[in-house]
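Colleague: kindly generate the corresponding structure for this input.
(one chain, ligands or ions: 1)
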Amino acid sequence: MRGAKIIGTGKALPPRVVTNADLTKLMDTTEEWIVQRTGIRERRFVDPGTGAAALGTEAARAAIAAAKMEPRDIDFIVFATVSPDYFFPGCGVYVQEWLGLPTIGALDVRTQCTGFLYGLSVAEAYVKGGFFDHVLVIGAEVHSTGLDLSTAGRDVSVIFGDGAGAAVVGPAEPGDGILSSHMHAEGKYAKDLMLEAPASIEHPRLSHEMLDAGRQYPKMNGRYVFTHAVRRFPEVIREALAANGFSLEDLSIVIPHQANLRITQAVAGALGVPVEKVFSNIEKVGNTTAASIPIALDECIEQGKIRKGDLVCLAAFGSGFTWASTLIRW
Ligand code: COA
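Modeller: Residues are numbered from 1 along each chain as shown. Predicted structure coming up:
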């Protein structure tokens, strides 16, 4: 069977920077609290009119250009997001339209912070199996329009930001590129990080009462998320290494989902690797859910942190709970 590798990456960050000081004008919080608990100093918010599909399309154009390809070379689209422009259809169809592509398929993935890695595994399987030659994988989020930016929502809303990242996956020599993907889910913790409304189990799925109760905003059991994340991240990174006969010493860099700086530091500690080996850009972009890994990957490439031959591990944990890793020989 042939291999599959990432041949181009790109990102799109909205220009509007929202600092912690800006948030203190909206809610009862402080710069110190946010930096100390999350490591975040600023994030980006879109201006009205820009949705996840538009950000994702911009990131996709950059990834296709980096791969030295044309949009028409793409055979299939995978779009990961928890903040689609509309309840339906998914965002992938807009990318197909806006890139001017023929009637290729477009699949939306809904696994929250692990969305990009689940999506990448789909691309990996399609390319390795010979179904498609070039698959575009996008992670994009517009959180800012769905956050409670009052004091009532401060524990959640200071964490999240908007952005998009994308990668083009194409054929590789066997043993080169994406070595393996590992995905897990534990639905019994679904309620510990969720957004309830609109909800098709409700009649109607959105009511004034639901809005008055704030059920359209994400809810998070922060401590629970933290405790599970610091266990699952190291576990799934070790799983990827073991599946391919590698040890921690072989790893060049870990690019984790940017959940929270304290989580990233705890993961480095649990693995016993220097913190510099675990990439972080959360200070500047916040937590961008499905977009965070492709944005971070693109930055690593831009900054020359990844060289040919490096062993790179991508890892994520988030709502669901779901967690995942991808091991790549670059
Ligand atoms: N600014 C100031 N104070 C805040 C605040 C904010 N933005 N958010 C919460 N607080 C307050 C709380 O009201 C609470 O006050 P009290 O003690 O008077 O009741 C206090 O800070 C501590 O709250 P708590 O929720 O116990 O804090 P914590 O130490 O658990 O930290 C998180 C909260 C969210 C930072 C932490 O739980 C965490 O990092 N969890 C993981 C979250 C995550 O990474 N999510 C993304 C997953 S993909």
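Colleague: apart from its chain neighbours, what residue comes closest to whichever residue of the chain sits closest to the ligand?
Modeller: Evaluated by C-beta to the nearest ligand atom, the chain has Gly222 as its residue closest to the ligand, separated by 2.6 Å. Using the backbone N, CA and C atoms, a C-beta is placed for each residue, glycine as well. Excluding its sequence neighbours, the residue lying closest to Gly222 (C-beta to C-beta, 6 or more residues apart in numbering) is Asp155, at 5.8 Å.
Colleague: rounded mean pLDDT for the helix or strand harbouring the one you found, please.
Modeller: According to DSSP states H and E, Asp155 maps onto helix 154-157. Mean per-residue pLDDT for helix 154-157: 97.
Colleague: so it, near the ligand or not?
Modeller: Yes - under the criterion of C-beta under 6 Å from any ligand atom, helix 154-157 makes contact with the ligand via Arg154, Asp155.
Colleague: who does that helix touch, helix- and strand-wise?
Modeller: Other elements packing on helix 154-157 under the criterion 3 or more C-beta pairs under 8 Å, 6 or more residues apart in numbering; DSSP states H and E are strand 219-220.
Colleague: average pLDDT for the strand it packs on, rounded please.
Modeller: For strand 219-220, mean pLDDT is 96.
Colleague: tell me the helix or strand right after it.
Modeller: Past strand 219-220, the next helix or strand by DSSP H and E is helix 222-243.
Colleague: what is the neighbour count of Asp200?
Modeller: Slight slip there: residue 200 is Ser, not Asp. By the measure other C-beta atoms under 10 Å, the count of residues near Ser200 is 8.
Colleague: now Thr57
Modeller: 25.
Colleague: returning to that earlier point: quick check: the gap between the residue of the chain closest to the ligand and Asp192.
Modeller: Computed as C-beta to C-beta, to the nearest Å, the Gly222 to Asp192 distance reads 9 Å.
Colleague: what sits up against the helix holding Asp155?
Modeller: Helix 154-157 is contacted by residues Leu23, Met27, Asp28, Thr29, Leu147, Asp148, Leu149, Tyr217, Pro218, Lys219, Met220, Gly222 when judged by C-beta atoms under 8 Å, 6 or more residues apart in numbering.
Colleague: how about 7 Å then?
Modeller: Met27, Asp28, Thr29, Leu147, Asp148, Leu149, Pro218, Met220, Gly222 (C-beta atoms under 7 Å, 6 or more residues apart in numbering).
Colleague: wait, what's in contact with Leu23?
Modeller: Thr29, Val158 are the contacts of Leu23 under C-beta under 7 Å, 6+ apart.
Colleague: do the host helix or strand of it and the ligand meet?
Modeller: Taking DSSP H and E as the definition, Leu23 sits inside helix 20-24. No - shown here: helix 20-24 not in contact with the ligand (C-beta under 6 Å from any ligand atom), separated by at least 7.7 Å.
Colleague: up against the ligand, what does the stretch 51-200 of the chain have?
Modeller: So far as C-beta under 6 Å from any ligand atom goes, the stretch 51-200 of the chain lies against the ligand at Cys113, Arg154, Asp155, Val158, Ile159.
Colleague: just the buried ones from these?
Modeller: Cys113, Arg154, Val158, Ile159 (16 or more other C-beta atoms under 10 Å).
Colleague: which of those sit farthest apart?
Modeller: Cys113 and Arg154 (20.2 Å; C-beta to C-beta).
Colleague: Ala65 belongs to a helix, doesn't it?
Modeller: Yes - under DSSP: H, G, I helix; E, B strand; the rest coil, Ala65 sits within a helix.
Colleague: just give the number of residues close to it.
Modeller: 14.
Colleague: what of Leu206?
Modeller: Neighbours of Leu206 (other C-beta under 10 Å): 14.
Colleague: hang on, it in a helix?
Modeller: No - read with three-state DSSP, Leu206 is coil and lies in no helix.
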